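> can't give you the sequence, but here's the structure:
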């Protein structure tokens, strides 16, 4: 499975997006930008799954984005990557500043609220 810099740049440009290599998250969509961690290139299989995941997102916010973030991906692979590259843990912070603009990741906030709700229900049932 190929996941070279040229391969990624080609796919991203065909989607009409501008690719930005970063080291402070795993991957994210911001309007017409696709940000990918530069260290992903060392892990071709994980890189490909992150690329596919991020390309499925919309340029704004839709319920589709919540479904993508909630049910896709491997937590084990994600956390393994973050352990090796700690700045990637920033992917789990729902507020982000990119190119001078603040972004709020509604999907992450909703996932955290769901987890909190489940904890409250679990604690109250005990």
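Yes, it's here. None of these values were measured; they are calculated from a predicted model.
> tell me which element residue 53 is part of?
helix 44-56 (DSSP states H and E).
> Kindly tell me how buried residue 13 is, as a neighbour count.
Residue 13: 12 surrounding residues under other Cβ atoms under 10 Å. For glycine as for every other residue, the C-beta is placed from the backbone atoms N, C-alpha and C.
> residues in contact with it?
residue 19 (Cβ atoms under 8 Å, 6 or more residues apart in numbering).
> swap in residue 20?
33, 34, 35, 36.
> now, which of the residues you listed lie within strands?
Of the contacts of residue 20, the ones assigned to strands by DSSP state E are 33, 34, 35, 36.
> are any of those residues buried, and which?
Buried by 16 or more other Cβ atoms under 10 Å: 34, 35, 36, out of the ones in strands among the contacts of residue 20.
> How much space separates the first one from residue 80?
If I follow you right, that is residue 34. For residue 34, the distance to residue 80 equals 22 Å [Cβ to Cβ, to the nearest Å].
> Kindly report the same for the last one.
Distance of residue 36 to residue 80, given as Cβ to Cβ: 17 Å.
> Can you mark which positions in stretch 117-126 are buried?
Going by 16+ other Cβ under 10 Å, stretch 117-126 has no buried residues at all.
> How far away from the center of its chain is that stretch?
Centroid separation for stretch 117-126 versus its chain: 28 Å, with Cα atoms, centre = their mean, to the nearest Å.
> oh, and call the first residue 463 from now on, that's how I've got it
All right, first residue 463 from here; so that's stretch 579-588.
> pLDDT averaged over that stretch, what's the number?
Computed over stretch 579-588, the mean pLDDT rounds to 90.
> ok, now stretch 516-526?
Per-region confidence: stretch 516-526 scores 64 on mean pLDDT.
> what does stretch 472-489 give?
On average, the pLDDT along stretch 472-489 is 92.
> Show me what the lengthiest helix in the chain is packed against.
For the chain, the helix with the greatest residue count under DSSP state H is helix 568-587. Helices and strands touching helix 568-587, by 3 or more Cβ pairs under 8 Å, 6 or more residues apart in numbering; DSSP states H and E, are helix 525-533.
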